[in-house]
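A.B. asks: Next come a sequence and a model predicted from it.
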Amino acid sequence: MIRDSERRLPGGFNGRQVADTARQNRPDLKVLFVTGYADTAAVGAGQLGSGMTVMTKPFQMTALAAKVREIIDG
């Protein structure tokens with residue numbers, strides 16, 4: 001799951017809440033948060049779960065592709 005954590009969803013959910021909910025059904029789900037804010041603001045006091053990663057904007061598309069490949073490959 002790649003989640004741009006700056007966007008609010010209906011019902012006021014944020015990216016971290018969506019990821020946590022998705023992981024209730026798929027605990028091994030790998031999550032990449034994409035944000036323009038400091039890491040701590042994007043994920044709730046900087047507390048990332050196992051298999052969760054943050055990329056801070058701006059970045060090159062090649063960097064995003066490399067990070068996604070790194071996450072997939074484990």
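C.D. replies: Received it, and whenever you're ready, just let me know what you need. Since the structure is predicted, the reported quantities are computational estimates derived from the model, not experimental observations. Numbers count the residues shown, from 1 in each chain.
A.B. asks: lowest average confidence, helix or strand, in this structure?
C.D. replies: Ranked by mean pLDDT, DSSP states H and E, the weakest helix or strand in the chain is helix 39-43, scoring a mean of 55.
A.B. asks: could you pull out the strands for the protein?
C.D. replies: Remark: strands assigned in the chain by DSSP state E are 2-4, 31-35, 52-56.
A.B. asks: Deepest-packed of those strands, please.
C.D. replies: Counting by mean count of other C-beta atoms under 10 Å, strand 31-35 has the highest mean neighbour count of the strands of the chain, with a mean of 21. In this view, the C-beta of every residue, glycine as well, is placed from N, C-alpha and C.
A.B. asks: Would you give the sheet partners of it, along with the direction of each?
C.D. replies: strand 2-4 (parallel), strand 52-56 (parallel) (DSSP bridges).
A.B. asks: Out of those strands, name the one with the poorest average pLDDT.
C.D. replies: Looking at those, the lowest mean pLDDT belongs to strand 2-4 (a mean of 58).
A.B. asks: Looking at this protein, which helix is longest?
C.D. replies: Counting by DSSP state H, the longest helix found in the chain is helix 61-73.
A.B. asks: Buried ones in that one, by neighbour count?
C.D. replies: Buried residues in helix 61-73, counted by 16 or more other C-beta atoms under 10 Å: K67.
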